[in-house]
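Peer 1: fold the following.
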Amino acid sequence: MEAPLYERDPEAWNAYLAEGNAKQARKRVGADVLIRDEQGRILLVDPKYKPDWDLPGGMAEANEAPTAAARRELKEELGLDLEIGRLLVVDWVPPHGPWDDSLMFIFDGGILGREQIGEMRTVDQELASHRFATQGEMKHLLRPYVLDRAQSALEALQAGHATYLTHGR
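Peer 2: Coordinates of the predicted model:
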């Protein structure tokens, strides 16, 4: 049996991979974090560039893992240095307006204690504010598909396994 191409001709294999990389679609990736306080409220941020509140997190940079993006965004936005927990949700977001489709990840950020909350601050100039909100308050603060995504993340947290969504559902 002949050896596979990557063993026979590593240069040809790398050329094959480079061609595929140049031609195949690339997905935009976002990574948010579901963080709760001891009362079970959810941490939300108020981006200045969006009409509604959001979960903390943001877009991954080129070749950045979603967990690394989530951790970096928490540091940049809120001065939080948290270990990123398990995956709760992957949501495929279809193209909208000038944006191509994307994949949004939500990870478990755990429960913050009073000391951690006291040290948290809005660091990034992109944010107007941050707050903890009840599920009832979230209905008035989040866009419907972000609310669906956040509620699915809470359900995944309780169920103990991640879930896949299409545009929040």
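
Peer 1: how about the helices in this structure?
Peer 2: 5-8, 10-23, 66-78, 114-119, 135-141, 144-159 (DSSP state H).

Peer 1: need the ones you listed in JSON lines (columns: mean pLDDT and mean neighbour count).
Peer 2: In this view, the C-beta of every residue, glycine as well, is placed from N, C-alpha and C. JSON lines is the format used below for those (pLDDT from 0 to 100; neighbours: other CB atoms under 10 Å):
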{"stretch": "helix 5-8", "mean pLDDT": "78", "mean neighbour count": "10"}
{"stretch": "helix 10-23", "mean pLDDT": "84", "mean neighbour count": "10"}
{"stretch": "helix 66-78", "mean pLDDT": "97", "mean neighbour count": "20"}
{"stretch": "helix 114-119", "mean pLDDT": "94", "mean neighbour count": "11"}
{"stretch": "helix 135-141", "mean pLDDT": "97", "mean neighbour count": "13"}
{"stretch": "helix 144-159", "mean pLDDT": "96", "mean neighbour count": "18"}
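
Peer 1: look up which residues are beta-bridged to the residue nearest the centre of the chain.
Peer 2: Centroid check for the chain by CA atoms, centre = their mean gives residue 31 as the closest residue, at 1.6 Å. On the basis of DSSP bridges, residue 31 is bridged to residue 58, residue 105.
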